[in-house]
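Visitor: Provided below for reference: sequence and predicted model.
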Amino acid sequence: MAMEQETNTHLLPPLPERMRPRNLDEYVGQKHLIGEGCVLRNMIDSGNLTSFILWGPPGVGKTSLSRIIATTLGRDFYTISAVSSGVKEVRDVIAKAKGQGFFAPKAAPILFIDEIHRFSKSQQDALLGAAEDGTIVLVGATTENPSFEVISPLLSRCQVFVLKSLEADDLNNLLNRALKEDEALSHRDIEARETEALFRYSGGDARKLLNILEIVVGATPSGKVVIDNASVTGCLQENIAMYDKKGEMHYDVISAFIKSVRGSDPNAAVYYLARMLNAGEDPLFIARRLCILAAEDVGLANPNALLLAQSCFQIVHTIGMPEARLPLSETTIYLASSPKSNSAYMAINEALAEVSKDSTPSVPLYLRNAPTKLMEELGYSDGYKYAHDYPGHFTDLEFMPAELKGRVFYDPQPNRSEDALKARLESYWPKHYKK
């Protein structure tokens, strides 16, 4: 251990900023992208840089990796936050990039846009030309699925690289490096005796890990610091608003929100909704969770729930905060107060488990299409019964492959909506649904 030495940490930047990696050797995690021979590493080593989007959870190194790439390749680096910037800032950067290469050809600068998913369609449109003609290399960072949040023309011009939450080995490497190399912590007598709680609360987020570490060390201004599960838990209970940049234990609160809706408690659900909104949570993240809840947990017990959740997502996307709190509250209360069924969730899981098996049963010939004469001669579509030609628009035809005849994936659960479905299915398929 290094000798104890007084350091005024109040004059220093926060620990995550002090520990920001300066090169690939210091960068922690994402070996599937930057390991030797991997796709992004090959791009860096060749210098043949094209626009790309980094998609991953918070605190996994999206910004740091972008800066390292710019430094390694000697590229100019411009950064914009989609939260506070707009088309004007984008155009200013593009104009600078064009001006720099006017007199002497120069490698295209990197324009890094943090939280690019927050840009509107028109704001994203402003990037197309410069990304297309190579004026800039666009690097976007997002915590949301680019397929839903980035417009198709821009997405087609970018590769998408998926970053993963840091694993225990990554977090341990980062912890050891901070204790040994940080200008403040390296002078303290610090023993990392237990790391389970530290890593668990970090949730694979390097920024959280370093914030928690700084809080725990700061709780003991002098003398030896022992990091164990009790000290970490105790410090976080006293500094709950400090260790998370949003002032909330993000994953704990969203988990409580989901379980409150699933458990039919609208009061608890609205309370956790308020905590998330108060902490600055992205309302679209909450709206997406409500869509999933409507399908997974309310399901066929109240099919209208999914329609309301879909409408909620569209409304939240259109109006934004603070007004978005109203449809979020309405939908949360409606889902929590609705009858519950996970029958659709269970049915698709069982069906996926079946189709993932090695054997793939053949589709019966009479269910196959017969667009050619040869297919007709081979028996395709022969014996198919058109349901609308029969009383009640139903005919007792076996639709499963022969090997799965009689297999039931959908099991109606007892509620008013599915009771009606079950009665209809019992009349159609008594051998499957009458017990």
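Guide: Happy to help now that I have it. Residues are numbered from 1 along each chain as shown.
Visitor: CA only for contacts and neighbour counts going forward, please
Guide: Will do.
Visitor: report how many residues lie close to the closest residue to Ile68 other than its chain neighbours.
Guide: Excluding its sequence neighbours, the residue lying closest to Ile68 (Cα to Cα, 6 or more residues apart in numbering) is Asn23, at 5.4 Å. Taking other Cα atoms under 10 Å as the criterion, the count of residues near Asn23 is 14.
Visitor: from Pro16, how far out is Asn23?
Guide: Asn23 sits 15 Å away from Pro16 when distances are taken as Cα to Cα, to the nearest Å.
Visitor: could you do Lys259 as well?
Guide: When distance is defined by Cα to Cα, Lys259 is 32 Å away from Pro16.
Visitor: next: Phe409.
Guide: Applying Cα to Cα to Phe409 and Pro16 gives a distance of 49 Å.
Visitor: mind listing the strands for the stretch 1-150 of the chain?
Guide: 52-55, 77-81, 110-114, 137-142 (DSSP state E, counting those that start in this stretch).
Visitor: show me what the last one is packed against.
Guide: This points to strand 137-142. Other elements packing on strand 137-142 under the criterion 3 or more Cα pairs under 8 Å, 6 or more residues apart in numbering; DSSP states H and E are strand 52-55, helix 62-73, strand 110-114.
Visitor: helices or strands next to the longest one in the packing?
Guide: The reference is to helix 62-73. Under the contact criterion of 3+ Cα pairs under 8 Å, 6+ apart, the helices and strands touching helix 62-73 comprise helix 39-46, strand 110-114, strand 137-142.
Visitor: could the ones you listed go into a markdown table alongside mean pLDDT?
Guide: Compiled in a markdown table, those are given as follows (pLDDT from 0 to 100):
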| stretch | mean pLDDT |
| --- | --- |
| helix 39-46 | 88 |
| strand 110-114 | 90 |
| strand 137-142 | 90 |
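Visitor: any chance of these in TSV, plus distance to Leu404?
Guide: Shown next, in TSV, are the helices and strands packed on helix 62-73 (distance: least, Cα to Cα, whole Å):
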stretch	distance to Leu404
helix 39-46	42
strand 110-114	50
strand 137-142	43
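Visitor: so which of the ones you listed is nearest Ile151?
Guide: The closest of the helices and strands packed on helix 62-73 to Ile151 is strand 137-142. By Cα to Cα, the value is 12.5 Å.
Visitor: show me how far the closest one is from its chain's centre.
Guide: Once both centres are worked out by Cα atoms, centre = their mean, to the nearest Å, strand 137-142 turns out to sit 16 Å from its chain's centre.
Visitor: same question for stretch 399-415.
Guide: Going by Cα atoms, centre = their mean, the spacing between the C-alpha centre of stretch 399-415 and its chain's C-alpha centre is 33 Å.
Visitor: for stretch 91-101, same thing?
Guide: That offset, for stretch 91-101, works out to 33 Å (Cα atoms, centre = their mean).
Visitor: for stretch 178-190, same thing?
Guide: 33 Å.
Visitor: next, the distance between the ends of that stretch.
Guide: Using Cα to Cα, the end-to-end distance of stretch 178-190 comes out at 11 Å.
Visitor: what mean pLDDT does that stretch get?
Guide: Model confidence over stretch 178-190 averages 88 on the pLDDT scale.
Visitor: low pLDDT regions in this protein?
Guide: Judged against pLDDT under 70, the low-scoring parts of the chain cover residues 1-11, 100-105, 237-251, 358-359, 366-367, 370-383, 434-435.
Visitor: one more pass at 50, please.
Guide: For the chain, the stretches flagged by pLDDT under 50 are 1-6, 104, 241-243, 245-248.
Visitor: including mean neighbour count, could the strands of the stretch 1-150 of the chain go into CSV?
Guide: Below are the strands of the stretch 1-150 of the chain laid out as CSV (neighbours: other Cα atoms under 10 Å):
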stretch, mean neighbour count
strand 52-55, 22
strand 77-81, 18
strand 110-114, 24
strand 137-142, 25
